[in-house]
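*Asks:* Just a sequence and a predicted model for now, questions to come.
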Amino acid sequence: MKTAVYFCKCGSNITERIPVARISQSLSGTPDLSYITPVDFLCSEDGKQFLEQDLAEKKPDRVVVAACSPREYENAFRQVLGRAGLNPFFVQMVNIREQVAWVTPDVEQATTKAARLIRGAIARVARHQPLETREIDASPNVLVVGGGPAGLKAALMLAEAGRKVILVEKAPVLGGLPVRYEELFPNMECGPCMLEPVLGEVFHGKFAGNFEVLTLAELTDVAGYFGNFQVKIRQAARYVDETTCIGCGMCIAPCPSTTDNEFNCGLNQRNAIALPFAGAMPNVPFLDAAACVRFRGESCQLCKDACPVEDTIRFDETERLLERNVGAIVVAIGAGLYDCAKLPSLGYGQCEDIYTSLEFERLMASNGPTGGAIVTHSGAAPKSVAIVHCVGSLDAEHKPYCSGVCCDYSFKFNHMLEAKAPVAQVHHFYKELVAPGKEEFALQQHVVHSFQTTLTRYAKIDDLRVSRSDGKNILEYTDVSGCKGSFPADMIVLSPAVVPAADAERLGDLLEVTRDKLGFMEEMHGRLHASQSKVKGIYLAGSCQAPMDIQKAISQGTAAAGYVLSELPEGRKLQVEAITASVDQERCSGCKVCATVCPYKAIAHTPERGRAEINALLCHGCGTCVAACPAGVITGNHFTNDQILAEVKAILQ
């Protein structure tokens, strides 16, 4: 075995503590060592060019680079070996700068330490295998699950880049929650108006042909891996043909059956066939079979008779199970709100005129149950309104975190009440006030300086108690100083904690995406890789991973699209990394220990024999499974036991 050592002087960073001549003397007689060549700056362009030419001329079998951290330059030196005609994995780096010269002041000790490390690298590199990276075809198509702001932004960016996007939304319309909001903080913009340009681009824009929009649909099965996911999608019957419907709505009024309007949080009724709200996209009614009298056995086709377009109402339509091949998946399923009924002292569900923040949004909306009028059950405008912040938040018995957005929209409510119920006295009850951002603070200041508004801080939710007396809700409270009081409220608005979406657990299990201790989708790293999940090829966008406002959700959607475009470039094959783990199938007992410890979900077991199989596309070569295997039948390529033990033995000699 002919092994060459290239010693980087790194100016005086290395040689002032580790003289090259002393190293050459210490390593003389080392088995397999062919020559030692000192280079001034091996990492420079001149240094790499010299290395490439020297390797091409002298043709060593293996190479040891004694320099700085392999974290910085190992990939660069592998590329040099490849250009010189050697296998890129026939190089071993030794960090004699950070690990020796910079931390060992004594020259004698530093020289001895460096010589031992280089000797260990020579012994190790002789056992390196000629690993090869492989390339596979990948699908450029992308599945986006969730049609709220984050999902729409990611989908639109991908479509504009020429990708085919399958957009799956469980509701009959796109837009998520913001399309139900009349005004958005901090600038009181119209929610539907803000999202309308995006929705218009999806349905009618220049790149509309790149979208397959599936409403009333949910993801039911996922197989495969990054670049080649096979997904199954179940789409419920709409009973209205989206391709022929002109959105006139003439089918709605004749319908004799009604049901609770879930888009208005059950505050009013809708017909069995309905548009969720004015301006909904797609502008196509849907028929609720559970509410339709025809599906209960009665003879009725009034909606079909009223429709001016023949065969648009289709009672015989059935659900569809669709299969698609995609290269990446973006999860943007949004979040939910904490169930206020779990806090019985607040009277939600027991007393009239107590609403959650979402219900209050619909009450204020011009396309809501009251046409935008803020009125109590008696039909009168409220003269006193209590807004309770932190409902379920910052509470160890409920949700320990702060959702962040609740204060902002609570201050927005105050602003809207001044316009819609100008005589109302507003009383805010809060644990903490949060108003981050360059614009949000203005809303808070408006509330603080309003003569119609009072703010009271409480310590825990048990310090608030609601009772009903003389047609009013009486909110009794104890503030943080211990003073007791009461506030007679014609209306109470509760601002609950933002919690994981109802589908988060099911979808997380389906995609094998881990969830954090709070139940949100867990990112690769909360600061560095917040839009990546721990499963390669599956990306996170929006409040599925944490409570956030619309601005941040859309930024997350943009980031997720960017990851897809950079990691799944169209027209290029995917490289399968060579440094992965492999299983000796003949010796594997199928105990599944490896699968339970793999952080990247890269290990599956064959259905026939139950033996472990490692997906090289998902494997990051971390070696966790190698260490965990009780039979020792998993090998970490480029980090085999033979290589590591040979290195240790040579260092200790």
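*Replies:* Arrived safely, thanks for sending.
*Asks:* residue ranges for the strands of the stretch 101-250 of the chain, please.
*Replies:* Here the stretch 101-250 of the chain has its strands, by DSSP state E, counting those that start in this stretch, at 134-136, 142-145, 165-168, 211-214, 217-225, 228-235.
*Asks:* For those, give me CSV that also has mean pLDDT.
*Replies:* Listed next are the strands of the stretch 101-250 of the chain as CSV, based on pLDDT from 0 to 100:
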stretch, mean pLDDT
strand 134-136, 83
strand 142-145, 97
strand 165-168, 97
strand 211-214, 95
strand 217-225, 90
strand 228-235, 93
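*Asks:* mind putting those strands in CSV, mean neighbour count included?
*Replies:* Placement of C-beta: from N, CA and C, glycine included. Below are the strands of the stretch 101-250 of the chain laid out as CSV (neighbours: other C-beta atoms under 10 Å):
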stretch, mean neighbour count
strand 134-136, 12
strand 142-145, 29
strand 165-168, 26
strand 211-214, 19
strand 217-225, 17
strand 228-235, 18
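*Asks:* between the ones you listed, which gets nearest to residue 102?
*Replies:* strand 134-136 (38.3 Å; C-beta to C-beta).
*Asks:* what lines up beside the closest one in the sheet?
*Replies:* strand 574-576 (antiparallel) (DSSP bridges).
*Asks:* So what touches the partner strand?
*Replies:* With contacts defined as C-beta atoms under 8 Å, 6 or more residues apart in numbering, strand 574-576 is touched by 133-138, 226-227, 568, 616-617.
*Asks:* Tell me the buried residues in that strand?
*Replies:* By neighbour count on 16 or more other C-beta atoms under 10 Å, the buried set for strand 574-576 is 574, 576.
*Asks:* Pull stretch 68-83 out as PDB, backbone CA atoms only.
*Replies:* Provided in PDB are the C-alpha atoms of stretch 68-83 (Å, rounded to 0.1, in the frame of the first residue of the first chain):
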ATOM      1  CA  CYS A  68      -7.100  21.700   9.900                       C
ATOM      2  CA  SER A  69     -10.700  20.600  10.600                       C
ATOM      3  CA  PRO A  70     -12.200  18.000   8.200                       C
ATOM      4  CA  ARG A  71     -15.500  19.700   8.800                       C
ATOM      5  CA  GLU A  72     -14.200  22.600   6.700                       C
ATOM      6  CA  TYR A  73     -12.100  21.100   3.900                       C
ATOM      7  CA  GLU A  74     -12.600  17.300   3.700                       C
ATOM      8  CA  ASN A  75     -15.200  17.600   0.900                       C
ATOM      9  CA  ALA A  76     -12.900  19.900  -1.000                       C
ATOM     10  CA  PHE A  77     -10.000  17.400  -0.800                       C
ATOM     11  CA  ARG A  78     -12.300  14.600  -1.800                       C
ATOM     12  CA  GLN A  79     -13.100  16.600  -5.000                       C
ATOM     13  CA  VAL A  80      -9.300  17.000  -5.600                       C
ATOM     14  CA  LEU A  81      -8.800  13.300  -5.400                       C
ATOM     15  CA  GLY A  82     -11.600  12.700  -7.800                       C
ATOM     16  CA  ARG A  83     -10.100  15.100 -10.300                       C
END
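*Asks:* And it, what's buried?
*Replies:* Result for stretch 68-83 [16+ other C-beta under 10 Å]: buried residues 68, 70, 73-74, 77-78, 80-82.
*Asks:* where does residue 559 fall, helix, sheet strand or coil?
*Replies:* What DSSP: H, G, I helix; E, B strand; the rest coil gives for residue 559 is helix.
*Asks:* my read: it touches residue 530, true?
*Replies:* Yes - checked against C-beta atoms under 8 Å, the pair residue 559 and residue 530 is within contact range at 7.3 Å.
*Asks:* Can you read off the backbone torsions of residue 400?
*Replies:* Here is the backbone geometry of residue 400 (degrees, to the nearest 10): phi -80, psi -10.
*Asks:* ok, the spatially closest residue to it that is not a sequence neighbour - how many residues close by?
*Replies:* Spatial nearest neighbour of residue 400, chain neighbours left out: residue 394 (6.9 Å); criterion: C-beta to C-beta, 6 or more residues apart in numbering. Neighbour count for residue 394, taken as other C-beta atoms under 10 Å: 18.
*Asks:* can you offset everything so residue one is 28?
*Replies:* Done: numbering now begins at 28, and the last item shifts to residue 421.
*Asks:* Surely residue 421 and residue 461 touch.
*Replies:* No - using C-beta under 8 Å, residue 421 is not in contact with residue 461, being 10.2 Å away.
*Asks:* Now do the contacts for the closest residue to residue 28 other than its chain neighbours.
*Replies:* Of all residues not flanking residue 28 in the chain, residue 59 sits nearest, at 4.3 Å (C-beta to C-beta, 6+ apart). Going by C-beta under 8 Å, 6+ apart, residue 59 touches 28-30, 89, 149-150, 153.
*Asks:* how about the helices of the stretch 128-277 of the chain, start to end?
*Replies:* Secondary structure of the stretch 128-277 of the chain (DSSP state H, counting those that start in this stretch): helices at 134-152, 176-187, 218-231.
*Asks:* Pick out the residue nearest the middle of the protein.
*Replies:* residue 567 (1.8 Å; C-alpha atoms, centre = their mean).
*Asks:* Distance check, it against residue 357.
*Replies:* Distance, residue 567 to residue 357, using C-beta to C-beta, to the nearest Å: 8 Å.
*Asks:* One more: residue 253?
*Replies:* Distance of residue 253 to residue 357, given as C-beta to C-beta: 13 Å.
*Asks:* for residue 229, same thing?
*Replies:* For residue 229 relative to residue 357 (C-beta to C-beta), the value is 15 Å.
*Asks:* more neighbours, these two?
*Replies:* residue 357 (32 against 24).
*Asks:* just the helices in the stretch 578-680 of the chain please.
*Replies:* With helices called from DSSP H, counting those that start in this stretch, the stretch 578-680 of the chain shows them at 620-624, 651-655, 668-679.
*Asks:* For residue 436, which residues are in contact?
*Replies:* By C-beta under 8 Å, 6+ apart, the neighbours of residue 436 are 212, 384, 388, 522.
*Asks:* Now with 10 Å, please.
*Replies:* 208, 210-212, 384-385, 387-388, 414, 443, 470, 520, 522, 576 (C-beta atoms under 10 Å, 6 or more residues apart in numbering).
*Asks:* how is this protein carved up into domains?
*Replies:* Structural domains annotated on the chain: 30-152, 264-345, 363-527, 604-664, as defined by automatic domain parsing.
*Asks:* Next one: residue 255 from residue 55, what distance?
*Replies:* The spacing between residue 255 and residue 55, counted by C-beta to C-beta, is 53 Å.
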